[in-house]
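1. model this:
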Amino acid sequence: MALKPDRKYTIGTDITAFMNETGEKGEVLVYSTGGSGAGMDDASEVVTTPSADPSGERLAGVLLNDVVNLDLTRQHINWHKDEVQLGGKVTLLRQGEIVTNVIDTGVTPTIGAPAYYAAGAITSGGTTQGWLTTTKVTDNGEDNDVYRVGTFKTIKDSDGYARVEVNIR
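-> Predicted structure coming up:
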């Protein structure tokens with residue numbers, strides 16, 4: 001899955017968190033553990049893929065790097081692909097616009113529809129990842145907007161991509 005290069009963000013990125021699992025650009029991530037103070041180099045501030053049950057999880061942002069697990073004694077990180085080694089710091093989008101295909105396969109978003117996060121495998125047998133959906137998350141029996149990632153600005157194109165305005169509070 002991916003993000004297209006057509007993006008807009010000027011102040012909405014966060015570079016404080018580490019990620020200890022592989023991931024792809026465009027995934028929606030949640031906090032696993034939190035840091036203290038500014039948290040800039042606090043290794044306890046970790047983000048992860050959301051679980052199937054969102055209860056108690058809090059949105060961290062949309063992943064803007066590919067997180068890879070490479071043997072760095074044999075090859076180097078591909079900086080042109082904006083890769084980060086497993087366990088490294090990642091860039092998360094909290095406010096801005098992206099064009100992504102990390103959208104629930106059964107969802108046909110409409111313009112202006114709210115974008116919430118959910119977890120599942122995009123491809124059959126694929127890895128579970130955080131994705132966008134139009135179904136409002138119910139936490140403890142209550143509708144809850146803390147799981148809202150943003151708003152769909154377009155419908156899906158023929159390749160499954162849609163523009164999403166991300167606004168995580």
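2. local confidence estimate at G120?
-> On pLDDT, G120 comes in at 65.
3. would you mind measuring from K89 to D41?
-> 9 Å (Cβ to Cβ, to the nearest Å). Glycine gets a C-beta too; all of them are placed from N, C-alpha and C.
4. of those two, which one has the most company?
-> K89 (17 against 10; other Cβ atoms under 10 Å).
5. any idea what the more buried one is bridged to?
-> Beta bridges link K89 to F18, judged by DSSP bridges.
6. same check on Q85?
-> Beta-bridge partners, per DSSP bridges, of Q85: V68.
7. okay, buried residues for the longest strand anywhere in the chain please.
-> Criterion DSSP state E: the longest strand present in the chain is strand 114-121. For strand 114-121, the neighbour count (16 or more other Cβ atoms under 10 Å) marks 114-119 as buried.
8. how far does that strand sit from the chain's center?
-> 10 Å (Cα atoms, centre = their mean, to the nearest Å).
9. CA-only coordinates of that strand in CSV, if you can.
-> Extracted in CSV, the C-alpha atoms of strand 114-121 (Å, rounded to 0.1, in the frame of the first residue of the first chain):
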residue,chain,number,x,y,z
PRO,A,114,-15.5,11.4,8.0
ALA,A,115,-12.5,9.1,7.9
TYR,A,116,-12.1,6.9,10.9
TYR,A,117,-9.4,4.3,11.6
ALA,A,118,-9.8,0.6,11.7
ALA,A,119,-7.5,-2.4,11.6
GLY,A,120,-7.4,-5.3,9.1
ALA,A,121,-5.5,-6.9,6.3
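10. helices or strands up against that strand?
-> strand 128-133, strand 148-152 (3 or more Cβ pairs under 8 Å, 6 or more residues apart in numbering; DSSP states H and E).
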